[in-house]
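1. I would like the atomic coordinates for the input below:
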Amino acid sequence: MPLGGLFRRRPQGSETCPACGGLVPSRANYCPNCGIRIDEPEAQPLHIVDRATGLFNERFIRPVLEDELHRAHRYGRPLGIVLIEPHADGRLVGPEADEETLKMMAAAIAGTLRDVDTPGVLTHRPPSLLAVLPDTDVAGTAHAAARVLEAVNSALVPAGRRAVAGIVCIQHGQRVRAPAVIEAAGRSLRSGRPEFLGRT
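-> All right, here's what the predicted structure looks like:
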């Protein structure tokens, strides 16, 4: 790339990022929200934080889950996964209600987990949060899920909604991958029973 290209400034007229739509300071080369060069809107954004909630986004939480699954398998350590979603109560709610529910859930979950745990947004619609709990056995995962569920349900009282949780406990044995774990967490959420993966 020519040296002049590094110092080229964008035109004064544009104020929004063509990749993420965020506001960009005047004469900036890179978007402060997603890290994309203003003259390369087709590039993949670098952001890892969900703008609505402040938690990690799906693009980051899935690789974190893969890394922790690999670590658990390699070192023979337990791993807990908690999936939190609002209860399907049959009411029709719009996108705005989903977004507000997600924000309330995120605020509650962020203040409940340990520093070593990683919470993130799995989907916006329906609102779905995933928490990765390293070095956490069955009892610890169940305890964390109960605390998170209590905090989330307290936060959802003004909205007239409640949440349900699914838990997955990974034990050393065969290697499991993130999609299988997320699927198992969904089954646990629907059945009300924990799922166990990775046993020999």
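
2. now do the helix or strand hosting Ala145, average pLDDT.
-> Secondary structure assigned from DSSP states H and E places Ala145 in helix 138-156. Helix 138-156 comes out with an average pLDDT of 95.

3. please apply the same query to stretch 70-86.
-> Averaging pLDDT along stretch 70-86 yields 93.

4. would you mark the buried spots in that stretch?
-> For stretch 70-86, burial by neighbour count (16 or more other Cβ atoms under 10 Å) applies to 72-73, 77-86. The way it works is simple: take the backbone N, C-alpha and C, and place the C-beta from them, glycine included.

5. work out the gap between it and the centre of the chain.
-> Computed by Cα atoms, centre = their mean, to the nearest Å, the separation of stretch 70-86 from the middle of its chain amounts to 14 Å.

6. before we move on, what about stretch 166-182?
-> Chain-centre distance of stretch 166-182: 17 Å, with Cα atoms, centre = their mean.

7. just stretch 49-69 next, same as before
-> 4 Å.

8. now it: buried residues?
-> For stretch 49-69, by 16+ other Cβ under 10 Å, it's 50, 53, 55-57, 59-62, 64-65, 68-69.

9. now, which of those residues lie within strands?
-> Using DSSP state E, no member of the buried residues of stretch 49-69 sits in strands.

10. quick revisit: downstream of the helix holding Ala145, the next helix or strand is which one?
-> Next in sequence after helix 138-156, counting helices and strands by DSSP H and E, comes strand 163-170.
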